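Trainee: sequence unknown, structure follows:
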DNA sequence: CGCCTCTTTGATACAGTTCAAACTCGGTGG
DNA sequence: CCACCGAGTTTGAACTGTATCAAAGAGGCG
């Protein structure tokens, strides 16, 4: 594979991608890595609000977030929508499409974003040849199931205050594992989207954030959030299972 | 593999298992099928209340329900537990254990049951050799993710009455696809377990069932449920997404 | 500058929870 | 055989957290 670095076509390359550890943290040898590179499709750019795919569309590929931020939603006939997850760099979207060869949710960019496309049939073939890749895929899907179970727990058992705490701590943890500040960040989604994800109305989200601020646990400045006492937030959740639930 | 039919050891055989279509509905040729049989471990029997596995235990195998009924639960430190699914014959449990090599939930038999054990590392190897098996596994895991998303939608958006309707219709559909009556069945779980799964208290489950009965939609006689007007129940859900949510 | 969307905050309504008590059923032992 | 017991269930009454309705405030963008 000629790795021409013409800035226009900018072929994606996993081998020198800074997200390698997040997205495909697998021990591939150079040869395997270059076969993987050959399969990954040129990265695709989306603007804020664009749909990467929509529920019901034919499923061809998984998508890994390179930069930006996404939400995935399941829509109901009468217009209600449930946000099923928020997705940041290095995370995979579209796993739910494999089962029926149709995408099961919408994926919407919440800011200008860039994704890698992984054509699934090629990945399937490749994973047959590269055991560690196959294993990685199984783990990835399993991890998604674990996350979903944690969201169920959140939706089934937790109060508004606990849900928000879990949500913020989860974002914090994922951001810090990407090298961003753990306790000072910008929310990419609206109050309504947070509410949809957490099973609350947007007013309740707003009120609860205010309450957490009044207590001095956090500082809210519109979308700018600072966690002043992350330990106290965690304490809110002890007794609520594997604290690290929250978002996708 | 010698298929000795000594009643004592009773080796499991997928090739002549009546659940083949449910559990592993894949086009395997006879050779592939016998290799699969060779990997499946002797079936294991559990009594009502027994744990098949528990959260935190090392993950070795997936388990397919042969007969009986299970719940899976995620427990929180302070004793609260969230039922994450109910599982009947032909369904697989343990997929959440792959990600960390640890089981992520408890699996408890709700009646005397029997399961097939699928040692995961052997299945991994086998799925590398048998493309259709690999593909089937990916689909299976993806289907689990889709189910979980539907439960999120249920927990995030639906009212008590809608949750119960979704739950009953889901059970109904799964039972009927196994050849049982769709509109007349026995619940294997307690009101409390239903409530935990649906994010409601047991009293609310009881009250809501009574209400559905008063309306004439269903007949409740303890654990014996009859759906008198399944169409009306479905109508409750139109507007609540892909009606087929509910249980696992 | 002013419109529009998103957000905050308040007042009220209601669904579901909590607490409590009565009831049913299956099992056990006198 | 019947009385008794306990677990699970139903039902009632009061309470509470969140939703709903409504209005005002804050930024961002044309």
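Mentor: Received it, and whenever you're ready, just let me know what you need. Predicted, not measured: the structure shown is a model, and the values here were computed from it.
Trainee: ok, and for stretch A:117-130, which residues are buried?
Mentor: Going by neighbour count (16 or more other C-beta atoms under 10 Å in any protein chain shown), the buried part of stretch A:117-130 is A:117, A:118, A:120, A:122, A:123, A:124, A:126, A:127, A:128, A:130. Just so you know, the C-beta spots here come from the backbone N, C-alpha and C atoms, and that holds for glycine as well.
Trainee: separation between the third one and residue A:46?
Mentor: In other words, residue A:120. Residue A:120 sits at a distance of 19 Å from residue A:46 (criterion: C-beta to C-beta, to the nearest Å).
Trainee: Setting the sequence-adjacent residues aside, check what's closest to the spatially most central residue of chain A.
Mentor: For chain A, the residue nearest the mean C-alpha position is residue A:87 (1.9 Å; C-alpha atoms, centre = their mean). In space, and not counting its chain neighbours, residue A:87 is closest to residue A:70: 4.3 Å by C-beta to C-beta, 6 or more residues apart in numbering or on different chains.
Trainee: Now name the helix or strand holding the one you found.
Mentor: Assigned by DSSP states H and E, residue A:70 belongs to strand A:69-75.
Trainee: Which strands and helices lie in contact with that strand?
Mentor: When contacts are defined as 3 or more C-beta pairs under 8 Å, 6 or more residues apart in numbering or on different chains; DSSP states H and E, strand A:69-75 packs onto strand A:81-88, strand A:106-109, helix A:191-198, helix B:131-157.
Trainee: Which of those sits closest to residue A:143?
Mentor: Proximity to residue A:143 (C-beta to C-beta) singles out helix B:131-157 among these, at 10.5 Å.
Trainee: is any part of the closest one close to DNA strand D?
Mentor: No: Helix B:131-157 lies out of reach of DNA strand D by C-beta under 7 Å from any atom of the strand, never closer than 8.9 Å.
Trainee: so the very next helix or strand once past that helix versus strand B:81-88, what angle?
Mentor: As assigned by DSSP H and E, the chain's next helix or strand after helix B:131-157 is helix B:160-176. Inter-element angle recorded for helix B:160-176 and strand B:81-88: 30 degrees (by axes from the mean of the first three to the mean of the last three C-alpha atoms, to 10 degrees).
Trainee: Return the set of buried residues in helix B:160-176.
Mentor: By neighbour count on 16+ other C-beta under 10 Å, the buried set for helix B:160-176 is B:160-175.
Trainee: Could I get the contacting residues of the closest residue to residue A:200 other than its chain neighbours?
Mentor: Nearest residue to residue A:200, sequence neighbours excluded (C-beta to C-beta, 6+ apart): residue A:160, at 5.7 Å. In this structure, residue A:160 makes contact with A:198, A:200, A:204, A:205, A:208, judged by C-beta atoms under 8 Å, 6 or more residues apart in numbering or on different chains.
Trainee: ok, the last one - contacts?
Mentor: With C-beta under 8 Å, 6+ apart as the criterion, the residues that contact residue A:208 are A:160, A:161, A:164, A:200.
Trainee: The third one contacts residue A:210, doesn't it?
Mentor: Think residue A:164. No: assessed by C-beta atoms under 8 Å, residue A:164 is found out of contact with residue A:210, at 10.6 Å.
Trainee: so what's the residue nearest to residue A:87 bridging to?
Mentor: residue A:87, residue A:109 (DSSP bridges).
Trainee: wait, doesn't it sit right on residue A:105?
Mentor: No: the pair residue A:70 / residue A:105 is not scored as a contact, 10.6 Å apart, by C-beta under 8 Å.
Trainee: if I read this right, the residue nearest to the centre of chain A contacts residue A:68, doesn't it?
Mentor: No: counting by C-beta under 8 Å, residue A:87 does not reach residue A:68; the two are 9.1 Å apart.
Trainee: What about residue A:16, how many residues nearby?
Mentor: Residues lying near residue A:16 (other C-beta atoms under 10 Å in any protein chain shown) number 10.
Trainee: For chain A, which residues score under the pLDDT cut-off?
Mentor: Residues of chain A that meet the criterion pLDDT under 70 lie in A:1-12, A:25, A:77, A:79, A:239-248.
Trainee: how about a cut-off of 90?
Mentor: A:1-34, A:36-38, A:40-43, A:75-81, A:237-248 (pLDDT under 90).
Trainee: Can you pull the phi and psi angles for the residue of it at minimum distance from DNA strand D?
Mentor: In chain A, the residue that lies nearest DNA strand D is residue A:204 (3.0 Å; C-beta to the nearest atom of the strand). Phi and psi for residue A:204, reported as degrees, to the nearest 10, are phi -70, psi -40.
Trainee: Please apply the same query to residue A:181.
Mentor: Residue A:181 adopts backbone torsions of phi -60, psi 140, taken as degrees, to the nearest 10.
Trainee: cool, and residue A:60?
Mentor: Backbone torsions for residue A:60, taken as degrees, to the nearest 10, come to phi -120, psi -40.
Trainee: Contacts only, for it.
Mentor: Shown in contact with residue A:60 (C-beta under 8 Å, 6+ apart): A:119, A:120, A:121.
Trainee: I'd like the distance from the closest residue to residue A:41 other than its chain neighbours to residue A:136, if you could.
Mentor: Distances taken as C-beta to C-beta, 6+ apart put residue A:117 closest to residue A:41, at 3.9 Å, once the chain neighbours are dropped. Distance, residue A:117 to residue A:136, by C-beta to C-beta: 18 Å.
Trainee: How about the residues of chain A by DNA strand D?
Mentor: A:159, A:160, A:161, A:199, A:200, A:201, A:203, A:204, A:222.
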